[in-house]
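**Q** Predicted model, plus sequence, below.
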Amino acid sequence: MSDTDIKTIHTSASSNQYADHVFEPHDHAACVSQTVAAAEAKCTHDRARLTETRRKVLDFLLEEHRPLGAYAILDKLGDGGQRAQPPVAYRALDFLIENGLAHRIESLNAYVACRNPSQCAAPTFLICQHCNLVAESFAEQHPSPLRAAADEMGFVIERELREVSGTCPTCHKAAA
């Protein structure tokens, strides 16, 4: 499968007007199935093995657009009858992160599924401080002024972390 094929899966997923807007009502089942299809395509393309446990962890992360901690994931694995120790959850999360299928939200010490595994360069996370929904935005759409400043100074950025805390439209309306 080519990079173009993987991007096509996401592009067709984006045809749903709400596919990229977790703060708005959307067809969540389609959102999940499209993200899973993109994740599976990426794993096939990269020859990465999406085991049953890794897939379950990805499914848990996709249940809602809210971040999950490692122990919440471990509890969910245990609920499914699977005897799981912390290393099981952490190994699955490490795989998902290394393969661009999930992200660690550092400020919350929690994890979210990547909504676009085929184009996951330098996402910015928009975190609602009231309902904990997390939206993912990509650097291509919102270039970082820090990157330009770093380039000007000759500083080489190896990793850029952008997490923005605020209020989503629903919580903002409820507060008004």
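**A** Yes, it's here.

**Q** so how far is residue 31 from residue 58?
**A** 13 Å (CB to CB, to the nearest Å). Placement of C-beta: from N, CA and C, glycine included.

**Q** Could you check which of these two is surrounded by more residues?
**A** For residue 58 and residue 31, the more surrounded residue by other CB atoms under 10 Å is residue 58, and the numbers stand at 25 against 21.

**Q** Surely the more buried one and residue 97 touch.
**A** No. Assessed by CB atoms under 8 Å, residue 58 is found out of contact with residue 97, at 11.1 Å.

**Q** Quick one: low-confidence residue ranges for this structure.
**A** Along the chain, segments meeting pLDDT under 70 span 1-21, 80-82, 121, 138-143.

**Q** What residues of stretch 162-171 count as buried?
**A** Buried residues in stretch 162-171, counted by 16 or more other CB atoms under 10 Å: 168, 171.

**Q** In space, not sequence, find me the middle residue of the chain.
**A** The residue lying closest to the centre of the chain (CA atoms, centre = their mean) is residue 114, at 2.3 Å.

**Q** Please report the distance of the nearest residue to that residue once chain neighbours are set aside from residue 45.
**A** In this structure, residue 114 finds its nearest non-sequential neighbour in residue 120, 4.9 Å apart by CB to CB, 6 or more residues apart in numbering. Note on residue 120: its distance to residue 45, by CB to CB, is 13 Å.

**Q** Tell me which of these two has more neighbours.
**A** Set residue 120 next to residue 45 and count neighbours by other CB under 10 Å: residue 120 wins out with 19 against 15.

**Q** Quick one: residues contacting residue 112.
**A** 61, 65-68, 102-103, 105, 125, 134, 136 (CB atoms under 8 Å, 6 or more residues apart in numbering).

**Q** Which one of those residues is nearest to residue 25?
**A** For the contacts of residue 112, the residue nearest residue 25 by CB to CB is residue 65; the value is 12.0 Å.

**Q** Now the closest one: which helix or strand?
**A** Remark: residue 65 resides in no helix or strand, with elements defined by DSSP states H and E.

**Q** what's the burial count for the closest residue to residue 110 other than its chain neighbours?
**A** Among residues not flanking residue 110 along the chain, residue 67 sits closest, at 3.4 Å (CB to CB, 6+ apart). Each residue near residue 67 was counted by other CB under 10 Å, and the total is 23.
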